[in-house]
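> Have a look at this fold, sequence not included:
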C-alpha cells in the first residue's frame, strides 16, 4: 500500500495495490497494523454505505463534540471528495483537500476528527463507503454550507442536487460549536 501525504498533514491518501488479471482483481482494503502505523489508532466502530447519482452533493458534515474520523473510498463510480479543516486554532483552519476517488484506483482518504467532509458525484452513480471511528450522533452533527465562498472549493459540478439541510446550512464563520485544534 502506498501512502500519499496531502497539503494538510493530517489528511492522508491510502492507495492499495491492485492485483489483477483476466479473472478480475484482488485488493487488501484494510489491515489494522498498517493503518495504526500511520496514526489511525482508534478502532473503527461503524461502517456506512451510500449510493448517489450524478450531480448529488453530500456535505459538508462533521460531528462535535462527539467527533468522527472517517476512512472513505468509492466502491463503484467516481466522486470528488473534500475534507475541510475546521479545527479552531489549527494552522490550516479553513483549508481543504479535494481528491478524486473512484473504482479505478480504490484510493482511500483519511478524514480526521475535526474536519468537515463532503463529496460530489461525477459518474452516473457512485457507491461511497465510510469506515468511522465513532458512532453517528445526530445531536452532535454540524452542517456547513457547501458553497461557502471563504472555503473556495471547486466542486466540479455547476448545479448540484442537495438535501434541504445542506442547501440551507450556515457559513463556516456562523458556526459557534466548532472543534478546537489539539482537542479532537
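Done, it's in. As the structure is a prediction and not an experimental result, all values here were calculated from the model.
> For the residue nearest the centre of the chain, what are phi and psi?
In the chain, the residue lying closest to the centroid (CA atoms, centre = their mean) is residue 117, at 4.4 Å. Note on residue 117: backbone dihedrals following degrees, to the nearest 10 are phi -130, psi 140.
> Any figure for the gap between the residue lying closest to it once chain neighbours are set aside and residue 27?
In space, and not counting its chain neighbours, residue 117 is closest to residue 111: 4.7 Å by CB to CB, 6 or more residues apart in numbering. For glycine as for every other residue, the C-beta is placed from the backbone atoms N, C-alpha and C. Separation of residue 111 from residue 27 (CB to CB, to the nearest Å): 20 Å.
> Who has more neighbours out of these two?
residue 111 (25 against 13; other CB atoms under 10 Å).
> show me the contacts for the more buried one.
11, 69-72, 83, 117 (CB atoms under 8 Å, 6 or more residues apart in numbering).
> at 10 Å instead, please
10-12, 62, 68-72, 81-84, 97, 117-118, 130, 132 (CB atoms under 10 Å, 6 or more residues apart in numbering).
> Now the element after the longest helix along the chain, going C-ward?
Of all the segments of type helix in the chain, defined by DSSP state H, the longest one is helix 32-37. Counting by DSSP states H and E, the next helix or strand C-terminal to helix 32-37 is strand 46-53.
> can you list contacts of that next one?
Contacts of strand 46-53 (CB under 10 Å, 6+ apart): 56, 58, 68, 70-72, 75-77, 79, 119-121, 123-136, 161.
> one step back: now, the contacts of residue 111 that are in strands?
Within the contacts of residue 111, residues falling in strands by DSSP state E are 12, 62, 70-72, 81-84, 97, 117-118, 130, 132.
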